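[1] Have a look; sequence and predicted model below, questions after that.
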Amino acid sequence: MREAVTVQVGGFANYVGSHFWNFQDELLGLADDPDADPVFKNAALDMDVLYRAGETHQGVPTYCPRLVSVGSRVLLQINSMSGNVTRSVSKPHGRNLFLQSLVEEGQNPSTSNGGSNSQKSVEDKDLIECLENGVNFWTDYSKVQYHPQSLYELHGSWTDFDKFDNYGRAQEVVSDWSQIEEMNERLRFFVEECDHIQGIQFIVDDSGGFSSVAAQFLENIADDYTNIPVLLYCVRDPMTLGSSRRNQRESIMRALHDAVSFSKLSSFCNLMVPIGPPSLSRSYMSPYLYIQDEKPFHASAVCAAAIHSITVPFRLQRMGPSSDLAHSSGNLDIGELVHILSDQGRQNMVTALDVAMPAPSLTDRDAMGNIEMKLHSLTPEISDEDEDPYSVESLVVHGALDRGGQRTSISQVKDSVCSVYDARETKPKFSHLSASLCPLPVPLPFPTIFRGNIGRHGEILSNQPEESQPKGSVDIESIPMVARLRSSSAVLPFIERRSGSLQKHGVARGAIGSLVLRDWGFGREEVEDMGEQLAKLLRPFHPEMDLTSDSD
Amino acid sequence: MSLRVLNPNAEVLNKSAALHMNINAAKGLQDVLKTNLGPKGTIKMLVGGAGDIKLTKDGNTLLKEMQIQNPTAIMIARTAVAQDDTSGDGTTSTVLFIGELMKQSERCIDEGTHPRFLVDGFDVAKRATLEFLEKFKTSVVMGDEPDREILKMIARTTLRTKLYEGLADQLTDIVVNAVLCIRKPDEPIDLFMVEIMHMRHKFDVDTRLVEGLVLDHGSRHPDMKRRAENCYILTCNVSLEYEKSEINAGFFYSSAEQREKMVAAERRQVDERVKRIIELKNKVCAGSDKNFVVINQKGIDPPSLDLLARAGIIGLRRAKRRNMERLVLACGGEAVDSVDDLTEDCLGWAGLVYEHTLGEEKYTFIENVKNPRSCTILIKGPNDHTIAQIKDAVRDGLRSVKNTVEDEAVVLGAGAFEVAAKKHLIDNVKKTVKGRAQLGVEAFAEALLVIPKTLAENSGLDTQDVIVSLQNEHDRGLVVGLNHHSGEPVDPQMEGIFDNYSVKRQIINSGIVGMGCVESKLVAPIKYRRVEKDLDKKVAEALKERTKSKKKTFRSVNSITMGLPRFKEGLRNIRDVFDQYVSETADDDSNGTIDNEELRNCLNKLQVQMSEEEIDNIHRYCDIDNRKGIQFPEFVVFLCLMYLLFGSDVTYRVSEFESARLNYVFDELIDAFLFFDKDGNGKMKRKDVTQRMNEATHQERTPSHITSQLFSTTPASPFPVTPLI
């Protein structure tokens, strides 16, 4: 067993994380539940990878995520505009119905199981509806017990976290030595107790000032834990990308923010996965999913599901090549994954994430290349072309079903994936497959985003109209998932755009953005360094650039 | 109004409004922090959105926790916090001083002094005070062995303002000993070498100084000793865990055996390193009862821990980077990066190493070190807010001791310095200044007294009595401070009340900010949110009504200009009405303004039905210059507004006799306004005015720059009243 530590920084990252840990909690619950699908019981997902066992001061044993979550604090409001101060206003946010029910359940666990089934499902419906309508914070739908060291709130006396929307906003927080130190302390607490840490997975909301905080944090991690690989997911709320009306200054700020945070974050991690399509509601997934972009509750659920799938191989049991393949195959740890994707072939460390949610039935011989067709990218701004002979991929299939809605065995999964890849015209240079029987469980606080044509176990029903009422966790227990990390030339536009905007707005002589960058605390040299970093990321795709840069 | 040309979205306050906004902000902050000052100051309890509690008396903490929005207040708060960053104390005093300086200036400005003179006076006074401080300070010779008593007095003075006496006195020794422990002659003191650890355990009085280090982690092997005496300490940064090298990543082996072999080969290297350490241990500890502790910055994996445990070595992994440096300072030896050439010289020494477990948290104490150059203050407390409170206090205490050691001087406390400085300014400095700048010196001197005043106020004493008796003593040539128990003058030297020299200097220097606030009266491009949207709408409607119902009185700008004397006459009448009316009915506390409460009464008497919210809005609406309360010119606006909204009954109720004349004046005013407000939306826009101006007959067309100037004198009110008054 090799431990992984998770770090979440920023608003949307915590939304995603909250869903992610709900999945894990659900898996833990299902493994203990005698009535649950046996798939979950012997699914061989090792939860100790993500969780730690400990005990409280009173000696009560606990089992908590190995997690450091960084968010912003809702500060005391003191209005000193009128001159007459002293009245502080700060309204505690009430618990919603869902959290109340969790508290009650904790108090008398016997009744919640004993209640009649019909009554309970009605209650569940209420809870789900309450969540659909009123999720304001990521904690509103979290059902996981966190370790007290896990949650850290940033505070800046004069930093307005409501307007924490670009890289420069976090200056005060980042320069506050004690806060950065405290975050390192929290992380050290979890790392110190790991016997064999396999890596750190880092989820950051890079749409605002938190990417600056994360960059600082990552830099410290790179300094302190030199050999521990860091897998970075940059997640974004679709709404922050929706750029309808903006004046020129704002759009330049936006472009610069993207470039700066991309350059900074990429320089301190080993593998980077940008997630956050501009709109999920209009994406290819819409035949199966009904997602409202304006709700971070919805969008984050999809991101979390994808991240869950990516982490499945880290938790599969390690087996020799000769051992049996009943439950899983293709174990990887974070270091190996990073190595596969970023150290081979092109040596490109920015990868695209594709996901099929729910996964199509695998043994569908009629539609060859079904998986390929159904995998859709969650990474924004990438090209649709997928004909890169140098690409390297890691594919994860878990809980796949066949046409009749039965679980397919691991060998079947392997066969069908192989046949799909054989049929492809340009094959990737290297592809790794991880498979597990265990599907993605749908926990109660999961949003109601499935369309009517999804069955109880995530099978796609062809006879049902997709327009009927959206389904949620009451109707659907689990869904099969396919996710893929792809290091190919598809991400080229993503990098080029950032590099381009930095050159255009920041580096070029007399550029408008150079003032903005100075405001954010970057000197000329630092800006050039960032440009250099972006050029370095582009280099794998343009071997000829290497020659020119060597010559001078 | 060039600013408007540059940025049409900028909202600009005119000069007196901006000045008063600055002054109000300073006063507001002062109000919040006032009760914190001194040993008798009160503790504030801050409750966060999630219900978390923070108890503090520390001005610095308070300023950081408050969400301040007013830009001037932010500027002052930042100065105060910067004060804390540089000298560790005096945040509250800074805020109080700036606030008081503002109050004094407000008085002078209201009396008609130009801010420029005040600022000149401040400048002179500031320099004179700094010079005086040089003379006033008490020098302390540090030498090789600093005077412990003086340091204790300084620390006590600081700590007692933050914590209750018993605890403060206990911490005094801890703080002084800690600083003396890390002090090296002729080198600046690095307070980072004092580690502050906290444990949620026992009580606040169990806080103690550990001459050595406390690490917040323990060994991770069940067989390692929990307590060891006479220990060699090896501080190292060597990876003692098996890491796969890049080449062997997972998928290049073809059989299980091959894999095992590769793993074994990798493993050997790590074991080799562990063996080196064990060899050293055997060399130095052979045949004695000495023990061996390895503290590693990198990881140690279970097989390595196992090897170490079998050899009787205690191993700690992933030590804090900061602690590596401290360990060497505390125990001696040096931090090693490789195990290749280990000798006994690399090792440090500690008399006692033991582990303490609290739930799942482990602490390792390294004590009885030989020659400590680093130490740890272990804060204990039953709950988080007690710990946080002690932590802040300890930090300030450490800084004050450090400052004293570095300044080699202290200043008599308990308000003695401020009273003496005031006397000096008034008696000696004021005469040297010519003209009205004297007022500035006087204001500065007066503002200095805020410290003894507040001390007295917080102790429940009568401020004036105290100040008078203190000043009397000073006049007799005695330097005295305030005894906050009895209110009698005392000699601070006898009581051992000393302040930091550098802190005092900073506070006086911070007066600059005050000067900035007074001076920066013109430009304040602040975006104001207008809360009074609803009212705006109402006014616009009422105006529309009027436009429909009545015939236009004015046809050209000229006719308005002609009417000006008439307005003036009418307004003079209103002045009388105001004086009379206000002193009788509205202005209960007779300060010449109407505040919110009084406005309510007033509206009641006018028998006007309005909701609470609307009343608030009206008050804000009419308070054009942002001084608190409604003064006469604003009262006119208020009345006119009431007249517009509720008809002639209002004026009748104000004054039966003047009603008719008032109505006439108001009618004229509103019509004049309507004349300009062409699109009838209740706002007088530049466009409207310019257009109207130029609509006049072609001979008398006004040059455009004049029209725009005319417009700029109109404040944000929808009424053209104020420029006329």
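    Cool, got the structure. Numbering: from 1, shown residues only, chains lettered A, B, ... in the order given.
[2] if I pick residue 221, what's in contact with it?
    Assuming you mean chain A. Neighbour list for A:I221: A:187, A:200, A:202, A:228, A:230, A:268 [criterion: CB atoms under 8 Å, 6 or more residues apart in numbering or on different chains]. C-beta here means a position set from N, CA and C on the backbone, and glycine is covered the same way.
[3] meant chain B, my bad for not saying
    So B:H221 contacts B:302, B:305-306, B:308-309, B:315 (CB under 8 Å, 6+ apart).
[4] pLDDT of stretch B:43-50, averaged?
    Averaging pLDDT along stretch B:43-50 gives 70.
[5] From the contacts of A:I221, pick the one nearest B:F292.
    B:F292 has its nearest neighbour among the contacts of A:I221 in A:I228, at 27.7 Å by CB to CB.
[6] The closest one touches A:H196, doesn't it?
    No - at 10.6 Å, A:I228 does not count as touching A:H196 under the criterion of CB atoms under 8 Å.
[7] neighbour count winner among these two?
    A:I228 (21 against 14; other CB atoms under 10 Å in any protein chain shown).
[8] Pretty sure that one sits in a helix.
    No - assigned with DSSP: H, G, I helix; E, B strand; the rest coil, A:I228 falls outside any helix and is coil.
[9] Please identify which helix or strand holds the nearest residue to B:L448 once chain neighbours are set aside.
    Among residues not flanking B:L448 along the chain, B:E418 sits closest, at 4.5 Å (CB to CB, 6 or more residues apart in numbering or on different chains). According to DSSP states H and E, B:E418 maps onto helix B:416-424.
[10] so where is the stretch 51-200 of chain A shaky, pLDDT-wise?
    The model of the stretch 51-200 of chain A has pLDDT under 70 over residues A:73-124, A:156-163.
[11] all strands for it, in order.
    A:51-55, A:61-65, A:67-72, A:77-78, A:88-89, A:151-154, A:197-205 (DSSP state E, counting those that start in this stretch).
[12] So which bits of the first one are buried?
    Buried residues in strand A:51-55, defined by neighbour count with 16 or more other CB atoms under 10 Å in any protein chain shown: A:51-52, A:54.
[13] got the angle for that strand vs strand A:67-72?
    90 degrees (axes from the mean of the first three to the mean of the last three CA atoms, to 10 degrees).
[14] Just the angle for strand A:51-55 relative to strand A:61-65, thanks.
    With the same axes, to 10 degrees applied, the angle from strand A:51-55 to strand A:61-65 works out at 150 degrees.
[15] Tell me the helices and strands packed up against strand A:51-55.
    strand A:61-65 (3 or more CB pairs under 8 Å, 6 or more residues apart in numbering or on different chains; DSSP states H and E).
[16] about what we covered before: give me the next element, helix or strand, following the helix holding B:E418.
    As assigned by DSSP H and E, the chain's next helix or strand after helix B:416-424 is helix B:430-432.
[17] May I see the buried residues of that next one?
    B:K430.
[18] now swap in stretch B:361-381 and tell me
    Neighbour-count burial for stretch B:361-381 [16+ other CB under 10 Å]: B:361-369, B:372-381.
[19] and chain A, which of those contact it?
    Among the buried residues of stretch B:361-381, no residue sits close to chain A (CB under 8 Å from any CB of the partner chain).
[20] Now do the SS call for the closest residue to chain A within chain B.
    At 3.0 Å from chain A, B:N24 is the closest residue in chain B, using CB to the nearest CB. Using three-state DSSP, the structure places B:N24 in helix.
[21] which residues in the stretch 201-350 of chain B form strands?
    B:208-210, B:213-215, B:227-236, B:291-296, B:313-316, B:335-336, B:348-358.
[22] re earlier: which members of the buried residues of stretch B:361-381 occur in helices, if any?
    Judged by DSSP state H, the subset of the buried residues of stretch B:361-381 located in helices is empty.
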